[in-house]
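Participant: coordinates only, no sequence provided:
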């Protein structure tokens, strides 16, 4: 077996290791360029997200302000309608009391008229019975005994 010197192996090593080294260097460069592009895209997206967050914050604040204004308007309307409703209820209660008072007076007047006409009806009945010569009806105590 012959001894091979390093000088003899150098071209072989260069032929094998050289392309490998070139491939590794090319891959490192590609990864570096790709990493740089990715970092740039990430920073661009972060900036866009920050802008969108700022716009959303402004929109939220604006809608909150509008909502507060609407809530305030609704409260004012509720208070106004409540006041109007109370006034209407008080007015209708007063009208109802007046109607009840008028109905009572009407009922009492009708009762007086019926009572007075009842006396007249009794007199007429007594005259009719006298004319027909009918005996008077028995009193309550007599009717129970019979």
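Facilitator: That came in fine, so what should we check first? Computed from a predicted structure; not experimentally measured.

Participant: so for residue 27, what pLDDT did the model give?
Facilitator: We have a pLDDT of 96 for residue 27.

Participant: how about the helices in the chain?
Facilitator: Taking DSSP state H to define them, one finds helices in the chain at 6-132, 140-145.

Participant: okay, those, which one's buried deepest?
Facilitator: helix 6-132 (a mean of 10; mean count of other C-beta atoms under 10 Å). All C-beta atoms are positioned from the backbone trio N, CA, C, and that covers glycine.

Participant: distance from the chain centre to that helix, please.
Facilitator: 5 Å (C-alpha atoms, centre = their mean, to the nearest Å).

Participant: below-threshold pLDDT in the chain: ranges please.
Facilitator: Along the chain, segments meeting pLDDT under 70 span 1, 136, 141-146.

Participant: now do 80
Facilitator: 1-2, 4, 6, 133-146 (pLDDT under 80).

Participant: so residue 63 versus residue 56, what's the distance?
Facilitator: Applying C-beta to C-beta, to the nearest Å, the value for residue 63 to residue 56 is 10 Å.

Participant: ugh, wrong one, I meant residue 112
Facilitator: Distance of residue 112 to residue 56, given as C-beta to C-beta: 81 Å.

Participant: equivalent analysis for residue 97, please.
Facilitator: Counting by C-beta to C-beta - residue 97 and residue 56 are separated by 60 Å.

Participant: ditto for residue 64
Facilitator: According to C-beta to C-beta, residue 64 stands 12 Å off from residue 56.

Participant: also residue 32?
Facilitator: Distance of residue 32 to residue 56, given as C-beta to C-beta: 36 Å.

Participant: try residue 21
Facilitator: Taken as C-beta to C-beta, the span from residue 21 to residue 56 is 52 Å.

Participant: next: residue 36.
Facilitator: Taken as C-beta to C-beta, the span from residue 36 to residue 56 is 30 Å.

Participant: that concludes my questions; thank you for your assistance.
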